[in-house]
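*Asks:* What would the 3D arrangement of this be:
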Amino acid sequence: MEIASRKADLYKVGFGAPAQNDQIVRDAELALAAIFDQIEDDLGPVTRGIDDLALVNGPASLPVAVVIANSLLQRYGVVAVFDPKMSGYVVSASSSPAMPVGMVIPA
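*Replies:* The predicted model follows:
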């Protein structure tokens, strides 16, 4: 997708069946690994740079958010999370000087 003239990959998250966080974080890690394995099966190895942007949108517990961020930061230079109060994505982790932490990318 494109947002504010930037190419980005959107990851939608949400709650599933009721469970405890110790199980949910394992499930989230497996789900993300499956997504990235499928991408590599379809496209081959994918190399991304420090300006590549991952957007996260949807509710998640704090432990799950950390698993998501860790997984995405292994593949993207910038991770931004949607904040409905700001009507945009807040850069929450970044290796890119062009998109510093705290920058709001309008939705």
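
*Asks:* Would you state the helices of this protein in chain order?
*Replies:* Using DSSP state H, the helices of the chain run over residues 21-43, 62-73.

*Asks:* Now do the longest one: everything it contacts.
*Replies:* Defining contact as Cβ atoms under 8 Å, 6 or more residues apart in numbering, one finds that helix 21-43 is touched by 16, 19, 46, 60-61, 63-64, 66-68, 71-72, 75. For every residue, glycine as well, the C-beta is placed using N, CA and C.

*Asks:* If any of those are buried, put those into a ChimeraX selection.
*Replies:* Typed into ChimeraX, the line below selects the buried ones among those, using 16 or more other Cβ atoms under 10 Å:
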select :60,64,67,68,71,72,75
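
*Asks:* Same list, the contacts of helix 21-43, but as JSON lines with distance to residue 106 please.
*Replies:* Formatted as JSON lines, those follow (distance: Cβ to Cβ, whole Å):
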{"residue": "16", "distance to residue 106": "30"}
{"residue": "19", "distance to residue 106": "35"}
{"residue": "46", "distance to residue 106": "27"}
{"residue": "60", "distance to residue 106": "22"}
{"residue": "61", "distance to residue 106": "27"}
{"residue": "63", "distance to residue 106": "29"}
{"residue": "64", "distance to residue 106": "26"}
{"residue": "66", "distance to residue 106": "26"}
{"residue": "67", "distance to residue 106": "27"}
{"residue": "68", "distance to residue 106": "22"}
{"residue": "71", "distance to residue 106": "25"}
{"residue": "72", "distance to residue 106": "21"}
{"residue": "75", "distance to residue 106": "24"}
